[in-house]
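J.: make a model of this:
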Amino acid sequence: MKKVFSILMVAFAMTAMVACDDKDDNSDNGGGNNGGNGFNAEMLVGTWRVESMTVNGQDMTPENMLFTINEDGTGLANDNGETENNGFTWSMDGNQVTITPRSGEHFVYTVNSLTENECTVSGSIVPMTDIPGDVMVHLVRAR
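T.: Presented below is the predicted three-dimensional model:
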C-alpha cells in the first residue's frame, strides 16, 4: 500500500504543478502560462491515469491509479478503487508543484511537459515516503 501511495503522490505532484491560483494567471509569464512553458492550470484540471512510473530507472507503474485534480487546489488519488485518506492539496510556483497529502508532509515535483492529454513530472523523493530517488511519472488524461 505504501508503494502504491508513493506512486499516487508522484502522479499528484505532476498534476498539481500545472494547476495554480488566480495570482499565477496574472503574472508576467505570457498570459497565464506557467513560467513560459506553454501550459496552464486549466489543462491540468481533470482525471489522469498513471501510464508509467520509474524510480531510479526501475519500473514501478501501479495498476489502475487515477488522480483527480480540482480547480480549487484539492485532489484525490484513486488506487484501484481505494480513495479513503487519499485526499491532498496542491500549490504551484512556476513549474514547481508542492503536493500536501493528509499526513501534512510536502512533496515538490517539476512538470517537465504538459499537453491536453499527457503530462510528465519528476521529483527526488518517492511520494508518501522518505525514500530518495529519481522519480519520473507519465500520465494520460482519463477524463
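J.: only C-alpha atoms from now on, for both contacts and neighbour counts.
T.: Fine.
J.: who does G123 bridge with?
T.: Beta-bridge pairing for G123 (DSSP bridges): Y109, V135.
J.: my read: it touches V111, true?
T.: No - taking contacts as C-alpha atoms under 8 Å, G123 lies outside contact range of V111: 9.1 Å.
J.: quick one: pLDDT of M14?
T.: Looking at M14, its pLDDT is 45.
J.: ugh, wrong one, L44
T.: 79.
J.: what does it show for phi and psi?
T.: Main-chain dihedrals, L44, degrees, to the nearest 10: phi -90, psi -30.
J.: so where is this structure shaky, pLDDT-wise?
T.: 1-39, 126-130 (pLDDT under 70).
J.: quick one, helices of it?
T.: Remark: helices assigned in the chain by DSSP state H are 2-18, 22-25, 41-44.
J.: contacts only, for D134.
T.: T54, V55, N56, G57, S122, G123, S124, I125 (C-alpha atoms under 8 Å, 6 or more residues apart in numbering).
J.: now do 6 Å
T.: Contacts of D134 were listed using C-alpha atoms under 6 Å, 6 or more residues apart in numbering, and they are V55, N56, S124.
J.: ok, so of these, who is nearest E42?
T.: Closest approach to E42 among those (C-alpha to C-alpha): S124, at 25.8 Å.
J.: just the strands in the protein please.
T.: 46-55, 58-59, 65-69, 74-79, 87-93, 96-101, 107-114, 118-125, 132-141 (DSSP state E).
J.: with N40 as the reference, name the closest of these.
T.: Short answer: strand 107-114, nearest of the strands of the chain by C-alpha to C-alpha, at 8.7 Å.
J.: which helices and strands sit right next to the closest one?
T.: Judged by 3 or more C-alpha pairs under 6 Å, 6 or more residues apart in numbering; DSSP states H and E, strand 107-114 is in contact with helix 2-18, strand 96-101, strand 118-125.
J.: export only the CA atoms of it, formatted as CSV.
T.: What follows is strand 107-114 as a C-alpha-only set of coordinates in CSV (Å, rounded to 0.1, in the frame of the first residue of the first chain):
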residue,chain,number,x,y,z
PHE,A,107,6.5,16.9,-1.8
VAL,A,108,7.8,19.2,-4.6
TYR,A,109,7.8,18.0,-8.2
THR,A,110,8.7,19.5,-11.5
VAL,A,111,6.3,19.5,-14.5
ASN,A,112,8.5,18.6,-17.5
SER,A,113,5.8,18.5,-20.1
LEU,A,114,2.1,19.0,-20.4
